[in-house]
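Engineer: Predicted model and sequence below, questions to follow.
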Amino acid sequence: MAGLSGRKVAVLATDGVEQVELTEPVKALKETSAEVVVIAPKGGEIQGMNHDKRGDKLKVDQELANASPDGFDALVLPGGVANPDYLRTIPEAVAFVRHFVQANKPIAAIVMAPGH
C-alpha cells in the first residue's frame, strides 16, 4: 500500500461492525500516510463487535449526511454480522457506495460486506 500519501480514503461503517475489520485497515492506511475518514449514518461513535460480543465504541469522523463521495479516492467497507445488512437498507449509504462503483474508484470490501 505504498504511495497513498495525499490519498483520502472513506471507511463506511455503522453499529455492529466487526471491530478488527475497521481498526486494522484504518491503522494500515494511516501508516501509509493516507488520510482516513470513518463515516457512519450517525455521528459520534458506533458500536464495534468482536464476533458476537460487544467490542469498543469506535469514533466516527463524519456523519454520512455530510459526506460527499467526490472528495474520496477509495472506499473501505468493513464486514460484521450487522454492519453490511444495516448499511444496505440506508439509501444514502447505497448511493455513497454507488458513486465509487460508477466512478471506477477502488473499493475494499471485507468478509461479509461483498455479499450483502
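Structural biologist: Cool, got the structure.
Engineer: okay, CA-based contacts and neighbour counts for the rest of this
Structural biologist: Noted.
Engineer: lowest-confidence helix or strand of this protein?
Structural biologist: Least confident helix or strand of the chain, by mean pLDDT, DSSP states H and E, is helix 83-87 with a mean of 86.
Engineer: Show me which residues of that helix are buried.
Structural biologist: Within helix 83-87, the residues that count as buried by 16 or more other C-alpha atoms under 10 Å are 83-87.
Engineer: try stretch 17-29
Structural biologist: The neighbour-count check on stretch 17-29 (16+ other C-alpha under 10 Å) flags 17-22, 25-26, 29 as buried.
Engineer: If you count contacts, what does the least confident helix or strand of the chain end up packed against?
Structural biologist: The contact analysis (3 or more C-alpha pairs under 8 Å, 6 or more residues apart in numbering; DSSP states H and E) places helix 83-87 against strand 17-18.
Engineer: Give me the mean pLDDT for the following helix or strand past the strand it packs on.
Structural biologist: Moving toward the C-terminus from strand 17-18, the next helix or strand (DSSP states H and E) is helix 19-31. Averaging pLDDT along helix 19-31 yields 96.
Engineer: Now helix 19-31 - C-alpha only, PDB.
Structural biologist: Extracted in PDB, the C-alpha atoms of helix 19-31 (Å, rounded to 0.1, in the frame of the first residue of the first chain):
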ATOM      1  CA  GLN A  19     -14.100  -4.100  15.200                       C
ATOM      2  CA  VAL A  20     -10.900  -5.500  13.800                       C
ATOM      3  CA  GLU A  21     -12.200  -5.200  10.200                       C
ATOM      4  CA  LEU A  22     -12.400  -1.400  10.800                       C
ATOM      5  CA  THR A  23      -9.500  -0.700  13.100                       C
ATOM      6  CA  GLU A  24      -6.800  -2.700  11.300                       C
ATOM      7  CA  PRO A  25      -7.400  -1.300   7.800                       C
ATOM      8  CA  VAL A  26      -7.600   2.200   9.300                       C
ATOM      9  CA  LYS A  27      -4.300   1.600  11.000                       C
ATOM     10  CA  ALA A  28      -2.600   0.200   7.900                       C
ATOM     11  CA  LEU A  29      -3.900   3.000   5.700                       C
ATOM     12  CA  LYS A  30      -2.700   5.700   8.100                       C
ATOM     13  CA  GLU A  31       0.700   4.000   8.300                       C
END
